[in-house]
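**Q** sequence below, structure please.
(2 chains)
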Amino acid sequence: MTREHSSLDGGGPAQAVEAVHLSKHFTVAATGKGVTGAFRHLWSRQKQIVRAVEDITFAIPTGSFVGYIGPNGAGKSTTVKMLAGILQPSTGEIRVMGRSPQQERQTVAQGIGVVFGQRTQLWWDLPLADSYELIAAMYGVPASIANARLRRFDAVLGIGEFLNLQVRKLSLGQRMRADLAAALLHAPPVLFLDEPTIGLDVLAKAAIRDFLREINAGGVTILLTTHDMDDVEQLCGRIMLINHGRLMFDGTVAGLRQMAGLPAQMTIDFAVEPSAERPLPDLNGGITVQQDRARVTVTFDRTQVSAAKIIAAFQDRGEIKDIEISEPNIEEIVRRVYVA
Amino acid sequence: MRPSAAAYVRTFLVLAKSGLRERMHYKANFLITSLLRGLTALADFLIVAVILMRFRVVDGWDMYEVALLYGLASLGNAIYHVAGREMEQIERYLVSGDFDAILVRPWPTLFTLLARKLDFGRLGNGVQGLVVTVIGVNELTRRGALAGWEHVYLFLIPLTSAAIIFAVALATAAAGFWLIRTDDLQVFTTYAPVTASYYPLSIYPGWLKGMLYTLIPMAFGNYLPVRYLLGKGGSPWVLLLAPVVGALALWLAYRLWLTGETRYQSTGS
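**A** Numbers count the residues shown, from 1 in each chain, chains lettered A, B, ... in the order given. So this is what the prediction gives:
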């Protein structure tokens, strides 16, 4: 049933990444509390099964940019590690570019780029340029092509300025950019990113997002695991939400908003404090109004009331200085979906 | 699409060059550690030499014979260490999850792992081994204990030794995929047996000898071939058997490594 999407004959499969009924269970020995527990653990073989990933199925078409989100310990990294050929699934099947990363790890590795934000894949004690030379050699990229690509990466990521520094001397932001360039040096058609913006400042995040957008526009399929909801909102056409190892949602950002049914919020600042005695305009329900001196905060459901209608309703209550509408925060949405 | 043999060699050379460069980055450090390692190893042997001069013989082996045994084992150990250093760090890779980075490369994991750091500083030990070997060979040739083709076979001994140590270290590292903690096991399976192989195995108690002939077949590295070459007993077949044991041990250890690799659990997050 997996094969109907993947074509192994040339031209590249339509689905860059596929997972079918994918599960990963870890067996951990249950340790008792305290010293006696630890002792008992020596000869008791009590085991506990952790279901890190449970029956996940998805397909990612070539060229898409997918955000993979969820709280800590949801199973995001475990999934990515299975896709990258690092972990063996307990059950289920994976196809990356039509091939199994478990059975053909080396071939799949040649076609994917991987960035783990938490740790570098560069040579710690060598100048950055040497790491690129090594990676080019490992992936069989001729020096001239590697250099041309590095020049292109430099234009967006600005890696040129620290090319001769030892990797250990790079700042976190520099290292992240360097790692991204390293993961793309062999021009892989599929890119797995695990928290690539973690711990970065706003400028560094922006540089990395611009770069990812450009890479994706060039046809690279990207699966982005992140905590940063801004990443997802700005980059991903599709999101997959995972919790307790299960896929809870798979669709667009707007679709997720709708599913969670979170209201939008409008803040209206009046020039003078409007009189509270005047009755509320009738907007066939669906809104709540709070007033704090000259500021009125309206919470409303976009599917029932338009923002324009609300503004119109409040216009006759005084001179409006400023209006601000904020969409529901994705973090809030995620929380709602988890609770549901 | 598997890499060709030429690609292996080419890539290995690039990686080896960088390993050297990485060390050279601290040039003085590189020279000093190489020199110190050679000197400490030489000091080790001098202590043995002093004891030997005092007692003349160890279980029927005189100083020059022990020198040959010791020098060849030391050379084998040096060869092993140049390539095998990163294998001894496997615990760190498994505990930290750094093995992830090894698995995402389009090469066999062992190749990627070993190529991460080639320890050329160990060549200092090799120089010491070479000096001690030459002293032994010189005297034994003068006596007529070594002649003609036997000299040629001597070149094979450090390679067999290196192969056996490598195999044992690889099997130990592979065990890490089940045990995670392997640092202490390594002392037991590699460090101690390598040290034991510097001297005639006949001086050790039966259980230890038994182990060095079977589970950790260090005996086939230097002891058995040298014993035959010096006319101290054993069958001529041992000269053929030794490299076969080396190759077989390597093959078995690598099978274990490949099995272990699929059990890798990485770390959380």
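**Q** B:Tyr80 belongs to a helix?
**A** Yes. The assignment for B:Tyr80 (DSSP: H, G, I helix; E, B strand; the rest coil) places it in a helix.
**Q** and it, how many neighbours does it have?
**A** 26 (other Cβ atoms under 10 Å in any protein chain shown). (Each C-beta comes from the backbone N, C-alpha and C, glycine too.)
**Q** what sits against it?
**A** B:161-162, B:165-166, B:169 (Cβ atoms under 8 Å, 6 or more residues apart in numbering or on different chains).
**Q** okay, now the unreliable bits of the chain?
**A** In the absence of a named chain, this looks at chain A. A:1-12, A:30-46, A:262, A:276-286, A:328-331, A:338-340 (pLDDT under 70).
**Q** nope, chain B
**A** Low-confidence segments of chain B (pLDDT under 70): B:1-2, B:23, B:25-27, B:48, B:51-56, B:121, B:268-269.
**Q** longest helix anywhere in it?
**A** helix B:149-179 (DSSP state H).
**Q** just checking, what packs against whichever helix or strand comes after that helix?
**A** Next helix or strand after helix B:149-179 toward the C-terminus (DSSP states H and E): helix B:183-186. Packing contacts for helix B:183-186, counted by 3 or more Cβ pairs under 8 Å, 6 or more residues apart in numbering or on different chains; DSSP states H and E, involve helix B:149-179.
**Q** the helix it packs on near chain A anywhere?
**A** No. Residues of helix B:149-179 are not located near chain A by Cβ under 8 Å from any Cβ of the partner chain, the shortest gap being 11.6 Å.
**Q** ok so, going back, out of the contacts of B:Tyr80, which are buried?
**A** Among those, those classed as buried by 16 or more other Cβ atoms under 10 Å in any protein chain shown are B:161-162, B:165-166, B:169.
**Q** format those as CSV; extra columns: distance to B:Met211.
**A** Below are those laid out as CSV (distance: Cβ to Cβ, whole Å):
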residue, distance to B:Met211
B:Ser161, 17
B:Ala162, 20
B:Ile165, 15
B:Phe166, 18
B:Ala169, 16
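**Q** residues touching residue 140, list them.
**A** Since no chain was named, I'll use chain A. The contact partners of A:Gly140, by Cβ under 8 Å, 6+ apart, come to A:186, B:3, B:7.
**Q** nope, chain B please
**A** Contacts for B:Leu140 (Cβ under 8 Å, 6+ apart) come out as B:64-65, B:68, B:146, B:230.
**Q** check which helix or strand covers it.
**A** B:Leu140 belongs to helix B:123-143, assigned by DSSP H and E.
**Q** tilt between that helix and helix B:149-179?
**A** Interaxial angle, helix B:123-143 versus helix B:149-179 (axes from the mean of the first three to the mean of the last three Cα atoms, to 10 degrees): 150 degrees.
**Q** spell out which residues of the stretch 101-250 of chain A are next to chain B.
**A** So far as Cβ under 8 Å from any Cβ goes, the stretch 101-250 of chain A lies against chain B at A:102, A:105-107, A:109-110, A:112, A:114, A:116, A:118-119, A:121, A:123, A:125-126, A:130, A:133-134, A:137-140, A:166.
**Q** just these: which are in strands?
**A** A:112, A:114, A:116 (DSSP state E).
**Q** which ones are touching residue 89?
**A** No chain specified, so I'll use chain A. A:Pro89 touches A:22-24, A:53, A:82, A:102, counting by Cβ under 8 Å, 6+ apart.
**Q** please enumerate the helices of the chain.
**A** You didn't say which chain, so I picked chain A. With DSSP H as the criterion, chain A has helices at A:34-43, A:76-83, A:105-111, A:128-138, A:143-157, A:172-184, A:202-217, A:229-235, A:253-260, A:307-315, A:330-339.
**Q** wait, chain B
**A** Using DSSP H, helices in chain B cover B:5-24, B:27-55, B:63-84, B:90-96, B:99-103, B:109-115, B:123-143, B:149-179, B:183-186, B:192-196, B:206-213, B:223-229, B:237-261.
**Q** CA atoms only: put the fourth one into PDB for me.
**A** If I follow you right, that is helix B:90-96. Output of helix B:90-96 as PDB, limited to C-alpha atoms (Å, rounded to 0.1, in the frame of the first residue of the first chain):
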ATOM      1  CA  ILE B  90      32.700   4.800  21.200                       C
ATOM      2  CA  GLU B  91      31.200   5.200  24.700                       C
ATOM      3  CA  ARG B  92      31.300   9.000  24.300                       C
ATOM      4  CA  TYR B  93      29.500   8.700  20.900                       C
ATOM      5  CA  LEU B  94      26.800   6.400  22.200                       C
ATOM      6  CA  VAL B  95      26.100   8.300  25.500                       C
ATOM      7  CA  SER B  96      26.000  11.700  23.800                       C
END
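**Q** mind giving me the packing neighbours of that helix?
**A** Applying 3+ Cβ pairs under 8 Å, 6+ apart, one finds that helix B:90-96 contacts helix B:149-179.
**Q** helices or strands up against the helix it packs on?
**A** Applying 3+ Cβ pairs under 8 Å, 6+ apart, we find helix B:149-179 packed against helix B:63-84, helix B:90-96, helix B:123-143, helix B:183-186, helix B:223-229, helix B:237-261.
**Q** could you rerun that using 6 Å?
**A** helix B:63-84, helix B:90-96, helix B:237-261 (3 or more Cβ pairs under 6 Å, 6 or more residues apart in numbering or on different chains; DSSP states H and E).
**Q** closest to B:Tyr204 out of those?
**A** Proximity to B:Tyr204 (Cβ to Cβ) singles out helix B:63-84 among those, at 13.4 Å.
**Q** how far does the closest one sit from its chain's centre?
**A** Centroid separation between helix B:63-84 and its chain, computed with Cα atoms, centre = their mean, to the nearest Å, is 8 Å.
**Q** what angle separates it from helix B:27-55?
**A** Using the same axes, to 10 degrees, helix B:63-84 lies at 150 degrees relative to helix B:27-55.
**Q** and the angle for helix B:63-84 with helix B:5-24?
**A** Going by the same axes, to 10 degrees, helix B:63-84 is angled at 100 degrees with respect to helix B:5-24.
**Q** how many residues are close by the closest residue to chain A within the stretch 101-250 of chain B?
**A** Closest to chain A within the stretch 101-250 of chain B is B:Pro106: 4.1 Å, counting by Cβ to the nearest Cβ. Residues near B:Pro106, counting by other Cβ under 10 Å, number 20.
**Q** isn't it up against A:Thr107?
**A** No. Between B:Pro106 and A:Thr107 there is no contact under Cβ atoms under 6 Å: 7.3 Å.
**Q** now the buried members of the contacts of A:Gly140.
**A** Among the contacts of A:Gly140, the ones that count as buried by 16+ other Cβ under 10 Å are A:186, B:3.
**Q** redo the contacts of A:Gly140 as JSON lines? Include distance to A:Thr288.
**A** Below are the contacts of A:Gly140 laid out as JSON lines (distance: Cβ to Cβ, whole Å):
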{"residue": "A:His186", "distance to A:Thr288": "55"}
{"residue": "B:Pro3", "distance to A:Thr288": "65"}
{"residue": "B:Ala7", "distance to A:Thr288": "67"}
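**Q** tell me the one among the contacts of A:Gly140 nearest to B:Thr190.
**A** Looking across the contacts of A:Gly140 and measuring by Cβ to Cβ, the closest to B:Thr190 is B:Pro3, at 29.1 Å.
**Q** not counting residues beside it along the chain, what's closest to that closest one?
**A** B:Trp107 (6.7 Å; Cβ to Cβ, 6 or more residues apart in numbering or on different chains).
**Q** which ones are touching residue 64?
**A** Chain wasn't specified; assuming chain A. Applying Cβ atoms under 6 Å, 6 or more residues apart in numbering or on different chains to A:Ser64 gives the contacts A:Thr221.
**Q** hmm, I had chain B in mind actually
**A** The neighbourhood of B:Tyr64, defined by Cβ under 6 Å, 6+ apart, consists of B:136, B:139-140.
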